[in-house]
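J.: sequence and predicted model, in that order:
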Amino acid sequence: MERFVVLSGCSGGGKSTLLAELGRRGHAVVEEPGRRIVAEETLATGRALPWIDMAAFARRAVEVARRDRVLARAMPRPGYVFFDRGLIDAAAALDHSCGQAACGAALRAVAARRYNRQVFLTPPWPQIYASDEARRHGLDEAIAEYERLLKAYGALGYEPVVLPRVPVGQRADFVLRHLVARTDGV
């Protein structure tokens, strides 16, 4: 769906901050499935956490991202819906966690559920990267994830747009300009 726009890329690259800025500007937003899952699993002393059982976590992320799309379709307001990660991110994580034998199976399964052709990726940004209780992996792992996502989105026919390393307001302006330019046929 052209109105569903994904913010993807490197963990700790500023996606959630950008999503919050777009929300402040009046756009519909959907928070990252992974952070919601970590919060739920931590409260319930669950095991579907990336540092305990990555495959279970990724399967849950696929389910949550599917549900997010259904709920977003029902949103009454017109305009873009911005997703902090989405179904493709979750499927790429599931493929990665399952090893080479299953590589690509989850991505192929979700390929028909389209988002806007342009997907905005936050590049690795060591100066702002920080781990926390929900993000326990290091920058090297985040960079490897970024490379996998860049490849996955490209392989599925998306147009990855790497965001500049600029303050959040300028990043939001950049995203909105690119989307308007695309709809104007530029």
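T.: Looks like it arrived, so ask away. Numbers count the residues shown, from 1 in each chain.
J.: now find how far off-centre stretch 32-49 is within its chain.
T.: Counting by CA atoms, centre = their mean, to the nearest Å, stretch 32-49 is centred 16 Å from the centre of its parent chain.
J.: what's near enough to touch residue 69?
T.: When contacts are counted by CB atoms under 8 Å, 6 or more residues apart in numbering, residue 69 is found next to 4, 86-87, 113. Every residue, glycine included, has its C-beta placed from N, CA and C.
J.: include distance to residue 154 when you put those into a markdown table, please.
T.: Below are the contacts of residue 69 laid out as a markdown table (distance: CB to CB, whole Å):
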| residue | distance to residue 154 |
| --- | --- |
| 4 | 18 |
| 86 | 15 |
| 87 | 16 |
| 113 | 17 |
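J.: drop anything exposed from those.
T.: Burial by neighbour count, 16 or more other CB atoms under 10 Å: within these this picks out 4, 86-87.
J.: which ones among these lie within helices?
T.: Taking DSSP state H, the ones among these that sit in helices are residue 87.
J.: from the buried ones among the contacts of residue 69, which single one is nearest residue 11?
T.: residue 86 (14.7 Å; CB to CB).
J.: mind jotting down where the strands sit in this protein?
T.: Remark: strands assigned in the chain by DSSP state E are 4-9, 28-30, 81-84, 118-122, 159-162.
J.: save these as a markdown table, and put in distance to residue 181 and mean pLDDT too.
T.: Supplementary listing: the strands of the chain in a markdown table, determined by distance: least, CB to CB, whole Å; pLDDT from 0 to 100:
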| stretch | distance to residue 181 | mean pLDDT |
| --- | --- | --- |
| strand 4-9 | 13 | 94 |
| strand 28-30 | 21 | 94 |
| strand 81-84 | 17 | 95 |
| strand 118-122 | 10 | 95 |
| strand 159-162 | 11 | 95 |
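J.: identify all contacting residues around the one helix or strand in the chain whose mean pLDDT sits lowest.
T.: Counting by mean pLDDT, DSSP states H and E, the chain has its least confident helix or strand at helix 105-110, which shows a mean of 71. Here helix 105-110 makes contact (CB under 8 Å, 6+ apart) with 58, 62, 87-88, 90-92, 94-95, 98, 152, 155-156.
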